[in-house]
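Peer 1: Provided below for reference: sequence and predicted model.
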2 protein chains.
Amino acid sequence: MYSSELIKGTLKTIILKLLTENEKMYGYELTQKVKDMTGGKIQLTEGALYPTLHALENQGILTTEVVNVGNRLRKYYAITPSGREIASEKVNEFTDFIATMITLLDLKPNLG
Amino acid sequence: MYSSELIKGTLKTIILKLLTENEKMYGYELTQKVKDMTGGKIQLTEGALYPTLHALENQGILTTEVVNVGNRLRKYYAITPSGREIASEKVNEFTDFIATMITLLDLKPNLG
DNA sequence: TAATAATACCTAATTTTCTTATGTATTTAT
DNA sequence: ATAAATACATAAGAAAATTAGGTATTATTA
């Protein structure tokens, strides 16, 4: 697990990127997907995730669909066309930011 | 300039790394150095910088030396041995974080 | 089968970290 | 002379997260 301050500011980017690659995902699924893909290094906390999802929905960036699975609710989130644009911008900005930080900190990233 | 949320959490890492490479620097110098090295893409704000420098000093990570230049004060900051360890840890953590994010977001970073 | 862990959602209080605004003062450039 | 740059600092407020709590179902395991 990374120190919490590092991960700050990347939550929206992570959510939007994953939702461009998967047509719909629910909150818990997002936490597990991120945990799996990062070997547990990034774990989204529910207290941060759910309010962010709600905000993105209110902004028209995501839409929701509630599904009953057994007796349990699942709230699926899907990205809208305008959300795709924002996702793309965010990912590009983050890519640029990484390049800038590599230069600034003189990093030697080991790209698998 | 990047959206502010992106830069969050990197301030300490930037300060400590630059102070491992330069035996002493003062606050204003840090703002200019970062601005120059990033082509203006990252600009440290004084409201964030000075309180952080003070905190690092209080934690024994930095030491200070006030110098009179003309009639103007300059407060030079230098990193302590324990600060070097923390700087190293922070840079390593950030490097690892970048690798994780590249995988997670499936990025194609253009490494100049 | 009782207890625990995992799944699945949510909110509220607090903390952390940053932005924005403001202040003081000297030096350099126009 | 005036404005911009240099150089420090703090304080109010906003933003984004953490921590901690709540509800409920389903699967595991002791």
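Peer 2: Arrived safely.
Peer 1: so the closest residue to residue A:73 other than its chain neighbours versus DNA strand D, what's the distance?
Peer 2: Of all residues beyond its chain neighbours, the one nearest residue A:73 is residue A:66 (5.9 Å), with distances taken as CB to CB, 6 or more residues apart in numbering or on different chains. All C-beta spots, glycine's among them, are computed from the backbone N, C-alpha and C. Counting by CB to the nearest atom of the strand, to the nearest Å, the gap from residue A:66 to DNA strand D is 14 Å.
Peer 1: next: residue A:28.
Peer 2: 10 Å.
Peer 1: separation between that residue and DNA strand C?
Peer 2: Going from residue A:28 to DNA strand C by CB to the nearest atom of the strand gives 3 Å.
Peer 1: mind listing what's buried along the one helix or strand that residue maps to?
Peer 2: Element membership of residue A:28 [criterion: DSSP states H and E] is helix A:27-37. Going by neighbour count (16 or more other CB atoms under 10 Å in any protein chain shown), the buried part of helix A:27-37 is A:27, A:30, A:31, A:33, A:34, A:37.
Peer 1: and the residues you listed, which is closest to residue A:95?
Peer 2: Nearest to residue A:95 out of these is residue A:37 (CB to CB; 17.5 Å).
Peer 1: pretty sure the closest one contacts residue B:103?
Peer 2: Yes - with contact defined as CB atoms under 8 Å, residue A:37 counts as touching residue B:103 (6.7 Å).
Peer 1: and chain A, which residues reach DNA strand C?
Peer 2: Within reach of DNA strand C by CB under 7 Å from any atom of the strand, chain A has these residues: A:5, A:8, A:26-29, A:32, A:46-47, A:50-51, A:53-54, A:69, A:72-76.
Peer 1: make it 10 Å
Peer 2: A:3-6, A:8-9, A:25-32, A:35, A:45-54, A:57, A:64, A:66-67, A:69-70, A:72-77 (CB under 10 Å from any atom of the strand).
Peer 1: any residue of the least confident helix or strand in chain A by mean pLDDT touching chain B?
Peer 2: When the helices and strands of chain A are compared on mean pLDDT, DSSP states H and E, helix A:4-7 comes out lowest with a mean of 76. Yes - shown here: helix A:4-7 in contact with chain B (CB under 8 Å from any CB of the partner chain) through A:5, A:6, A:7.
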